[in-house]
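Colleague: Structure, please.
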Amino acid sequence: MVVSITFYLVRHGEAENNVRFILNSTPEIKTYPLTERGREQAAAVAAFLAKADADVIFSSPIERTKETAGIIAEATGLPIEFDERLREIGMGVFNGKTQAELLAKYTDPQMRISPDPEDGLESFIDIRGRLQKFLDDVKENYAGEKVIIVSHGDTLEQLHGILTEEAPGRSATGWYPKKGSCTEVVWRV
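Modeller: Residues are numbered from 1 along each chain as shown. Down below sits the predicted model:
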């Protein structure tokens, strides 16, 4: 029997690190809250999701996603389950540095499928490993339901790839969520 799960993939609203082009992953060297624009983006997504009749919110535990999920929870009345597997990609030596520094070395997203081990950068393959375990748990506990996921660009990009059966490299050059966006994906399991 085929069952579906409706996912609402929400990228956090614009945060202070985004406007300063600073990479910020686990461990958070510094926390960056949402900007005023980011709070407005989150409120707009929350208003949409308040009508979606979702069942649960899962969120990355990083500050900007926690804040976005909180705004959504207030509008929907749903509790938030923070899940470490939805965190930002591990930035390794680039954590706290600028996007330009990362892009100077990794000029093509495909290079991040198998990054230089000395950089400590989490590969897209590793991200998919933790996301697949998350999806296995969701499948077991929320089949037939509607699930809101609040996370980060690269993480959602690869999650979307799993849900739509795209390879990691294809996902890295295809769909990418805008800050404060919500994308609905129906996953048949």
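Colleague: Please enumerate the strands of the chain.
Modeller: 4-11, 56-59, 80-82, 146-151, 182-188 (DSSP state E).
Colleague: tell me the angle the longest helix along the chain makes with strand 182-188.
Modeller: The single longest helix within the chain, with elements called by DSSP state H, is helix 124-142. Counting by axes from the mean of the first three to the mean of the last three Cα atoms, to 10 degrees, helix 124-142 lies at 70 degrees to strand 182-188.
Colleague: Can you name the residues in contact with helix 124-142?
Modeller: With Cβ atoms under 8 Å, 6 or more residues apart in numbering as the contact definition, helix 124-142 has outside contacts at 5, 55-56, 58, 83, 85-86, 89-90, 112-114, 147, 154-155, 158-159, 161-163, 168-169, 171-172, 187, 189. All C-beta spots, glycine's among them, are computed from the backbone N, C-alpha and C.
Colleague: re earlier: most tightly packed of the strands of the chain?
Modeller: Comparing the strands of the chain by mean neighbour count (mean count of other Cβ atoms under 10 Å), strand 146-151 ranks first with a mean of 25.
Colleague: for that one, packing partners?
Modeller: strand 4-11, strand 56-59, helix 63-76, helix 153-163 (3 or more Cβ pairs under 8 Å, 6 or more residues apart in numbering; DSSP states H and E).
Colleague: neighbouring contacts of the lowest-mean-pLDDT helix or strand in the chain?
Modeller: Of all helical and strand segments in the chain, the minimum by mean pLDDT, DSSP states H and E falls on helix 168-171, at a mean of 88. For helix 168-171, contacts defined as Cβ under 8 Å, 6+ apart pick out Pro109, Gln110, Ile113, Phe124, Ile125, Arg128, Glu157, Gln158, His160, Gly161.
Colleague: Which pair of these spans the longest distance?
Modeller: With Cβ to Cβ as the measure, no two of the contacts of helix 168-171 lie farther apart than Gln110 and His160, at 17.0 Å.
Colleague: Phi and psi next, for the nearest residue to Arg37 once chain neighbours are set aside.
Modeller: Distances taken as Cβ to Cβ, 6 or more residues apart in numbering place Glu14 nearest to Arg37, at 4.9 Å, with adjacent residues excluded. Main-chain dihedrals, Glu14, degrees, to the nearest 10: phi -60, psi 130.
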